[in-house]
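1. Need coordinates for the below:
(chains A and B)
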Amino acid sequence: MDLRVRPRQTRTDSEVHPTKSMNTAIEETVNALRAAFGDLPASEFRGDTRVVVSAEKIYDVLELLKERHGFDLLIDITCVDYLNYPGTKDRFGLVYLLAGTVANQRLTIRAFINEPEPAVRSVVSLWEGANWLEREVWDMFGIQFEGHPDLRRILMPEEFTAFPLRKDYPLQGLGERHNFPVLKRGES
Amino acid sequence: MPLTLSELADDHAQDGGQPYLWTMNFGPQHPATHTTLRLVLKLDGERVADAIPDIGFLHSGFEKIGESLDFNQYVTVTDRMNYISPMSNNVAWHVAVEKLLGIEVTPRCSYIRTIISELMRISDHLLCLGAMGLDVGAVTHFMYAFNAREPIYEIAEALCGARFTNSYTRVGGVMRDITPLVVKLIREFLVELPPVMNDLDRLMGRNRIFVDRMQGVGVLTEEEAINRSCSGPIARASGVVRDLRRDEPYLSYADFDFQVCCAREGDCLARYHVRMAEMQESLKIIRQAVENIPQGPVNVGPDQRSILPPPGKVWTTIEGLISHFEIVMPNRGMSVPNEEVYCATEAPNGELGFYIVGDGSPRAYRARCRPPSFIHFAMFPHLIRGHTLSDVVAVLGSLNIIAAELDR
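-> Next up is the predicted model:
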């Protein structure tokens, strides 16, 4: 059994304060993105850098980040429903959290999409790990991922019709719990 | 063409030229699934040709609930996610909330949180290792491991009164300060655990049956581990040298000397060994932390307007009562920015992060949890394809799937 234990190296300043030297590297990445995709709004909050891209370009942006800029780890895909959020005009905000395992940096990519047909291109062909994450977003928010190999409900039952994490879905539900199909003994 | 559950239910579905394949249902009530999760297996004799996970039996809408409970109340729900290591979830939630609110906790608080996170890591790994043995038939191993977890429950009880669902942290601090009794219990635990771990290792580490069942089963290469978003001990067993405690030191991890435990094989045995080695490192961290807990206040000052005053003060003084009301009433207590943060911690199972959207109210507008179990279970079909039916439980055990966290 080769139990490789990496000895602790002396900590450099960038390791203790990862945001310090990270910012320049992240800035370069953001500039490269801007060079390729036009002027993208970027902001920083508490050390997180967020870049907003348009929903049509999300696949190309993520592909570029993965192939060229070392963001090889997809941490999470999630969504926020901005229905009642102060000062927003878009309905859904998709969030892609990326990380680089080599350079140890993080970047958040956001894209806004709207009804009636919220849809975006799937990134399963880039990361296998996106499969269930996109299924969960579909299940909870009803956002279509085009090109997803298996876009089914994952947490809710198959016959469920609503999208529970949307803000117009009440906390107590719409009575689905009382109307589940019941299978009687002998019918099975 | 993906293999779906509804297709399987149809007897005359296309069998892809393999009409001899069996369909077998595994779970949701099966001792080796640990909790409620279901697998539909396609078997070729004893080989697993394909597996389709069917999850959601324990889905209780934790993220939806998070939108109607305030930052302090929601900690009780995080307990129920990974109930093997509840305080790790408490810490993960409140570290994320404090990042959103911009609160810096006191050194004493951050040491206490580090200690409990590491205790929870040991607790989680002990259960996982014990269950790995149990699943392949070694009941004694499970008893040894489970018995060793008892002192951790005792410590939790002395620390906050609850053994199982602790809800120990608060915004800007913890529920109660650490007491000399807790320190004594932790010191005793530090002495008691190493011999038990020796026993466990001697019992299983080189056991012929165990090694044969684990070695070369469920192999995950480094590229696959990264491509499938793995984290924590599972990624490290595949050679991904990534540990948030070292890479993005949160709490007080930057103060301690510890090593990141990795293996190259990526099979079930490697995961076993990585978890075993990580427990040693956790003991090392606790040993350093418990002897160096800084003096001073445990919670942030009242001027930050984020920590609830102790109950005694609320009941006996008017100032305490007023500050309690100020915090629990909407629009008066914490000032929440209209911003979004993601903050990750290294939970026992992998990267546990919360994506929190604040909208000015003391409730999260969106409280997304990035559950490690969900992401690890997604690759289960990939790991089990081609192995035998009896390996299903070995791989399940080595991934340490906690269904409550999987479904939330």
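2. can you give me the helices in chain A?
-> A:13-16, A:18-37, A:58-68, A:130-141 (DSSP state H).
3. how about those helices, which one is nearest B:Leu43?
-> For B:Leu43, the closest of those is helix A:130-141, at 23.2 Å, according to C-beta to C-beta. (C-beta placed from N, C-alpha, C; glycine too.)
4. Any idea which residue of chain A lies closest to chain B?
-> Relative to chain B, the nearest point of chain A is A:Gly129 (3.1 Å; C-beta to the nearest C-beta).
5. Isn't that residue up against B:Ala378?
-> Yes. With contact defined as C-beta atoms under 8 Å, A:Gly129 reaches B:Ala378; the gap is 6.8 Å.
6. who touches both of the two?
-> B:Arg228 (C-beta atoms under 8 Å, 6 or more residues apart in numbering or on different chains).
7. Check the gap between A:Phe92 and A:Leu165 for me.
-> Look at A:Phe92 and A:Leu165: by C-beta to C-beta, to the nearest Å, they are 11 Å apart.
8. wait, does stretch B:264-274 make contact with chain A?
-> Yes. Under the criterion of C-beta under 8 Å from any C-beta of the partner chain, chain A is reached by stretch B:264-274 at B:264-265, B:269-270, B:273-274.
9. before we move on, the earlier item: mutual contacts of A:Phe92 and A:Leu165, please.
-> With C-beta under 8 Å, 6+ apart as the test, A:Phe92 and A:Leu165 both reach A:79, A:81, A:141.
10. Among these, the buried ones, what's the ChimeraX command?
-> Buried members of these, defined by 16 or more other C-beta atoms under 10 Å in any protein chain shown, are picked up in ChimeraX with:
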select /A:79,81,141
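11. restrict the shared contacts of A:Phe92 and A:Leu165 to those near chain B?
-> A:Asp81.
12. Return the member of the shared contacts of A:Phe92 and A:Leu165 nearest to B:Thr345.
-> A:Cys79 (22.2 Å).
13. Report the contact partners of B:Gly218.
-> B:267-268, B:383-384, B:387, B:391, B:394-395, B:398-399.
14. So which of those are in strands?
-> With DSSP state E as the criterion, strands contain none of those.
15. Now for these: which two are most distant?
-> B:His387 and B:Leu399 (13.5 Å).
16. before we move on, the earlier item: which of the helices of chain A sits most buried?
-> helix A:130-141 (a mean of 24; mean count of other C-beta atoms under 10 Å in any protein chain shown).
17. which strands and helices sit next to that helix?
-> Contacts defined by 3 or more C-beta pairs under 8 Å, 6 or more residues apart in numbering or on different chains; DSSP states H and E place helix A:130-141 against strand A:73-81, strand A:144-146, helix B:372-377.
18. Export the last one to CSV, keeping only CA atoms.
-> Presented in CSV, the C-alpha positions along helix B:372-377 are these (Å, rounded to 0.1, in the frame of the first residue of the first chain):
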residue,chain,number,x,y,z
PRO,B,372,-20.7,15.7,-1.0
SER,B,373,-22.8,12.5,-0.8
PHE,B,374,-24.9,13.6,-3.7
ILE,B,375,-22.0,14.1,-6.0
HIS,B,376,-20.2,10.9,-4.9
PHE,B,377,-23.3,8.8,-5.3
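19. And the next helix or strand past the helix ranked longest in chain B?
-> Ranked by residue count, the top helix of chain B under DSSP H comes out as helix B:107-135. Next helix or strand after helix B:107-135 toward the C-terminus (DSSP states H and E): helix B:139-160.
20. So which elements touch that next one?
-> In terms of contacts (3+ C-beta pairs under 8 Å, 6+ apart), helix B:139-160 is packed against helix B:107-135, helix B:180-200.
21. what sits against residue 106?
-> Assuming you mean chain A. A:48-49, A:75, A:97-100, B:342.
22. Please refer instead to chain B.
-> Contacts of B:Thr106 (C-beta under 8 Å, 6+ apart): B:173, B:296-300.
23. cutoff 10 Å now
-> Residues near B:Thr106 by C-beta atoms under 10 Å, 6 or more residues apart in numbering or on different chains: B:112, B:172-174, B:294, B:296-301.
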